[in-house]
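A.B. asks: Sharing a model that was predicted from the sequence below.
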2 protein chains.
Amino acid sequence: MNFKEIQKLFEKDLEYVNEEIKKSLDSPISFIGKVASYLIESGGKRFRPLVLVLSSRAFGYTDSRMFSIASTLEFIHTATLLHDDVVDYAELRRGQPTANILWGNEATVLVGDFLLARSFLKLVQDGDLEILDCVSKATTKMAEGEILQLLKTNEPKTTEEEYLDVVYSKTAVLISAAAEIGAILGGGNREEKIRMREFGKNLGIAFQIVDDTIDYLVDDQTMGKTRGQDFYDGKVTLPFIYAYSMADNNEKIYLEELFLKDEKSKDDFEKIFDHLSRVNAFEESFKRAKEFARLAKENVDFIKEPYREYLLALVDYTIERKL
Amino acid sequence: MNFKEIQKLFEKDLEYVNEEIKKSLDSPISFIGKVASYLIESGGKRFRPLVLVLSSRAFGYTDSRMFSIASTLEFIHTATLLHDDVVDYAELRRGQPTANILWGNEATVLVGDFLLARSFLKLVQDGDLEILDCVSKATTKMAEGEILQLLKTNEPKTTEEEYLDVVYSKTAVLISAAAEIGAILGGGNREEKIRMREFGKNLGIAFQIVDDTIDYLVDDQTMGKTRGQDFYDGKVTLPFIYAYSMADNNEKIYLEELFLKDEKSKDDFEKIFDHLSRVNAFEESFKRAKEFARLAKENVDFIKEPYREYLLALVDYTIERKL
C-alpha cells in the first residue's frame, strides 16, 4: 500500500473535505475566496485532513462531521503558509507565484487572518470543547514555532534540540492534532488519544526533517521552489547542524562565514552542499527522520487492520519522498 | 460623569484585566512578550475591556472571570493593530515607532498570529460556547472588514454604505461583542443581548467616524500620528465621501485627481482639507457620528442606574474627543 493508493482509496472522503473548504470560503467579499482558493487548490496533498480521516475511521467513526473538522485544519495550514510566504518574501510555492507576489503582502496577511478566524468559527459551531482545546493549543504553538524559527534565522550555532523544537511547533503539532482528533471523535480512551497524538508528532517531525533535507538536494522543477532556499534564507536545518557539530574549528569558521554572507550566491550554495555531502550530513538527517518514522509506527501498533496498514503507509511516504 | 472618572471608578477592574494580559503573554519565547507588551502597554485606553466590564456589572455579574474574557478582547484588538500597521506601512502609533519599524514585518505578523491564537485558547479554556461564538464571529468579520478596506483603498467613489460596512466590521463589531458578552455573563435574556450588541455596534461606529474625522483635523503631536494619514494612505473616509457626493462634475475630477496622486504632498493635503472645510464635510461627519451616538444611548435606556449613566458617559466620550 503506498500513498497514492491511500489517496485513491479515500478519494471520496477528500472530496467531502474539499466541499467543506469551498463552503467556508463563501464570503460576501469574493476576493477572499479568490486568494484563498488559489493556494488551497494549487495541489496541496490534504495531508492533515487525510491523517484526521484515517485516524477517525481507525476508531470506527463514520459521521460526516469529520470532514468539516478536517477542513478547518487545512484552513489553518493554509493561513500559516500565506503568512510564511510574507515572512520569507517567498516568490514560488508548488511551482506557482506566491499569493504575496500576486496580490501583495497586505492582502496575503489579511486573508490568512480570515482563514484562521473562519476555522475557529467553524469549530465553535461544531461545538466540541475538547477538539477546540486541541486545535487552539496547536495554533498557539505554531505561532510560537514560527517566531522561534525567525529568531533562529542566521544562527549557525542552532542546536539539534532547538531545531526539533521549531519543527515540532511549526509542522508536527498540527499533524499531531489531526491524529488526536480522530481518537477524540471515535471515542478513544485517554491512553489512545495520547498515542495518536504522539503518532502525529513523530510523523510530522519525520516529514519536516525530510522536507528540510531535500531542500538541499532537489532541483527547482521537482520541488516547485528554489533548491537551497533555506540556505539562502539563513534557515538552519538538520544537515547543517550535523555538519557544524562534526566540524573542527577551522571548518566551523568556514561554515559560519558561508552561512552568514549577506548576499549568498549559487557558488556559496555549492560550497556548502559539497561540505555537507562530504561529511554525510544528508544521510545522517535521513537516518534521524527514519528514527522518528519508526517511533510513529510503534505508536499505532495497537490500531487494527486495515487502518494500521494505512497509517504505516503514511509514515513510509514521509520518508520515501526523497526525490 | 466623564470618561476619566469612569476609568478612575473602574481602575481596580482594569488592573485585573492588565494582570490577565500579563499572564497570557507568558511564553517560553520572551521575545513574544516584549513585542506584544510594547504595544499593549503603550497607553491604550482598554476601551473594549471597559465596555465588557461595565456591561457585565450592569447585568449584576461580579465574577472575576470577566477580567479574563475582557483581556482576550484586548489581545484580539492588539493583534489587528499589529497586522494593520504592517498592511499600512505605518511608522507611528500613539506617538511611538510601530512594532514593524522596531522589529520588522515578519515578527509583527507572527506575534499578531500568536495573540489571536492565544485569545482563542483562553476563551476555549473558559469554556462558554456562546461567548466563543460571539468572539469568533466578530474576529471573522474583522478580517473581512480589513480586506474590504484594502479593496476600497484609492477608490474615491466609495459610498457611505460601503464605508459604514468597513467601519462596522473593522471596529464596531468587537466593541459590539464586548457589550454583548456582558449580557451573556450576567444572564440577560435574548432581547437584552441584542440591545447590548446594538449598543456596542452604534458606539463603535460613532467612535470610528470621529476617529476618521479628526484624522483630518488634528496635528501630529496630539494624535501621535501624522495628520491626514488616511488621505496619504488612500483611505476614503466619511468627510471625503460627503464632499464628493456634494461636488459638481468639475469638483469631482479635482477631488479624484488629488486623491489618486501617486506621491501626495502636504500641499495636496491642504487643498483637500480646504475643500472639505468649505463644504462643511467635517461638521457633517460629526453630525453623523452623533446620530449613531444617539442610537447607542437609546439602546441602553433599559439599563438601571448607575450603570446607564456610565454607559452614556462612554458614548459621550466617543463623540467629544474632537481635539
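C.D. replies: Perfect, I can see it now.
A.B. asks: isn't residue A:10 right up against residue A:53?
C.D. replies: Yes: here residue A:10 reaches residue A:53: they are 6.0 Å apart, a contact under CB atoms under 8 Å. In short, each C-beta sits where N, CA and C put it, glycine included.
A.B. asks: Those two: which has the busier surroundings?
C.D. replies: Neighbour totals were compared for residue A:10 and residue A:53, and residue A:53 leads with 24 against 19 (other CB atoms under 10 Å in any protein chain shown).
A.B. asks: Can you name the helix or strand that that one falls in?
C.D. replies: Under DSSP states H and E, the secondary-structure element containing residue A:53 is helix A:47-58.
A.B. asks: Which strands or helices does whichever helix or strand comes after that helix pack on?
C.D. replies: Once the chain leaves helix A:47-58, the next helix or strand it forms, by DSSP H and E, is helix A:65-88. Packing partners of helix A:65-88 (3 or more CB pairs under 8 Å, 6 or more residues apart in numbering or on different chains; DSSP states H and E): helix A:11-24, helix A:30-40, helix A:47-58, helix A:99-126, helix A:129-151, helix A:173-185, helix B:99-126.
A.B. asks: Helix A:65-88 versus helix A:173-185: what angle between them?
C.D. replies: Orientation check (axes from the mean of the first three to the mean of the last three CA atoms, to 10 degrees): helix A:65-88 against helix A:173-185 gives 170 degrees.
A.B. asks: Pull out the buried residues from helix A:65-88.
C.D. replies: Neighbour-count burial for helix A:65-88, counted by 16 or more other CB atoms under 10 Å in any protein chain shown, picks out A:66-88.
A.B. asks: residues in contact with the helix or strand following it?
C.D. replies: Going down the chain from helix A:65-88, the next helix or strand is strand A:92-93, by DSSP H and E. By CB atoms under 8 Å, 6 or more residues apart in numbering or on different chains, the list of residues contacting strand A:92-93 from outside reads A:39, A:42, A:81, A:85, A:98, A:224-226.
A.B. asks: Buried only: go through these for me.
C.D. replies: Neighbour-count burial (16+ other CB under 10 Å) applied to the contacts of strand A:92-93 gives A:39, A:42, A:81, A:85, A:98, A:225-226.
A.B. asks: nearest to chain B, of these?
C.D. replies: Minimum distance to chain B across those is 10.7 Å, recorded for residue A:85 (CB to the nearest CB).
A.B. asks: and that closest one, how far is that from residue A:164?
C.D. replies: Taking CB to CB, to the nearest Å as the measure, residue A:85 falls 24 Å from residue A:164.
A.B. asks: Over to residue A:82?
C.D. replies: 25 Å.
A.B. asks: With residue A:274 instead?
C.D. replies: Separation of residue A:274 from residue A:164 (CB to CB): 26 Å.
A.B. asks: Look at those two and report which has more neighbours.
C.D. replies: The neighbour count for residue A:274 versus residue A:164, taken as other CB under 10 Å, is higher for residue A:164 (18 against 10).
A.B. asks: Enumerate the residues of the stretch 151-300 of chain A near chain B.
C.D. replies: Residues of the stretch 151-300 of chain A lying close to chain B (CB under 8 Å from any CB of the partner chain) are residue A:151.
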